[in-house]
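Engineer: Kindly generate the corresponding structure for this input.
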Amino acid sequence: MSVLADTSSVLQTKVDDFNAAFNAFDTALKASAVNPATATATDADEARDLSWRGINAYVKAMCAHPTADIAASATEAKSLFDKYGDPTKLAQTEESGVLHNLLQDLTMFDSAKRTALNLDVWITDLQTKEDAFLTAAAQRTEADAARQVGIVKETRTAADAAYRSLVDTVNALVLLNGDAEYATFIDHVNAVIDRQKGILKARKTNNAKKKEEGDKPVE
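Structural biologist: The predicted model follows:
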């Protein structure tokens, strides 16, 4: 930002310090929206979706088995899936809740019937995929927390300090020399600050929306 010709070098330095601190904070905040662990969690989420769709389709197909007893067992098992509906369209946390309950029901399902349906291999696969997602999601959360207490916090503290130093310097000069000499300069500074606050607000809003969506792709 340019300053008026009669503005002291002290003010220019404070403005430069503030701009540099803000840009560092904005860069850190932008980077905080990109979590390397998110890709792993997304892949794990897609894997468990495929596993659920596979076991659901398999049990549905077994309902038409030519052996009546097996078909009846399959129909009973299918009712467990129908009770909870399709969880793959839900937010990730909600899906985990549904799969937890479904897996509990499937584990308690009569073992002889599970054997007749050759269902255990499918249940194991779904449980393995769900466990992998939970691990990846926990790692993603830890990475988010680390960024929040690390570089983002440090750069915000520095930006806040630079802002306060700039304001205090301007106020001190106005107190000594009157505000007429600095009126235009103050207007320029306020405009920059308002613009930067708007940028940060938009950045935080976008990051919050991504977290609410749980990184779940829309299909």
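
Engineer: any idea which helix or strand carries residue 57?
Structural biologist: Under the criterion of DSSP states H and E, residue 57 resides in helix 36-62.

Engineer: chain center to that helix, what's the gap?
Structural biologist: 20 Å (C-alpha atoms, centre = their mean, to the nearest Å).

Engineer: what separates the residue of the chain positioned farthest from its centre from residue 108, distance-wise?
Structural biologist: Residue farthest from the centre of the chain, counting by C-alpha atoms, centre = their mean, is residue 177 at 49.6 Å. With distances taken as C-beta to C-beta, to the nearest Å, residue 177 is found 81 Å from residue 108. C-beta: built from backbone N, CA, C; applies to glycine.

Engineer: which SSE is the nearest residue to residue 54 once chain neighbours are set aside in?
Structural biologist: Of all residues not flanking residue 54 in the chain, residue 122 sits nearest, at 6.9 Å (C-beta to C-beta, 6 or more residues apart in numbering). Element membership of residue 122, judged by DSSP H and E, is helix 120-149.

Engineer: counting contacts, what elements does that helix pack onto?
Structural biologist: Contacts defined by 3 or more C-beta pairs under 8 Å, 6 or more residues apart in numbering; DSSP states H and E place helix 120-149 against helix 9-32, helix 36-62, helix 92-108.

Engineer: repeat that for 7 Å
Structural biologist: helix 36-62, helix 92-108 (3 or more C-beta pairs under 7 Å, 6 or more residues apart in numbering; DSSP states H and E).

Engineer: Select from these the stretch with the lowest mean pLDDT.
Structural biologist: Ranked on mean pLDDT, the bottom entry among those is helix 36-62, at a mean of 91.

Engineer: any idea how the chain splits into domains?
Structural biologist: Following the assignment in automatic domain parsing, the chain carries domains at 9-35+145-213, 45-140.

Engineer: so the helix holding residue 57 versus helix 92-108, what angle?
Structural biologist: 40 degrees (axes from the mean of the first three to the mean of the last three C-alpha atoms, to 10 degrees).

Engineer: got the CA positions of the next helix or strand after helix 36-62 in CSV?
Structural biologist: Of the helices and strands lying after helix 36-62 in sequence (DSSP H and E), the nearest is helix 68-84. Output of helix 68-84 as CSV, limited to C-alpha atoms (Å, rounded to 0.1, in the frame of the first residue of the first chain):
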residue,chain,number,x,y,z
ALA,A,68,-35.6,-72.2,0.1
ASP,A,69,-33.7,-72.1,3.5
ILE,A,70,-30.9,-70.1,2.1
ALA,A,71,-33.2,-67.7,0.4
ALA,A,72,-35.1,-67.3,3.7
SER,A,73,-31.9,-66.6,5.6
ALA,A,74,-30.9,-64.1,2.9
THR,A,75,-34.2,-62.3,3.2
GLU,A,76,-33.7,-62.1,7.0
ALA,A,77,-30.3,-60.7,6.5
LYS,A,78,-31.5,-58.2,3.9
SER,A,79,-34.0,-56.8,6.4
LEU,A,80,-31.0,-55.6,8.5
PHE,A,81,-29.7,-53.6,5.6
ASP,A,82,-33.2,-52.3,4.8
LYS,A,83,-33.7,-51.2,8.4
TYR,A,84,-30.8,-48.7,8.1
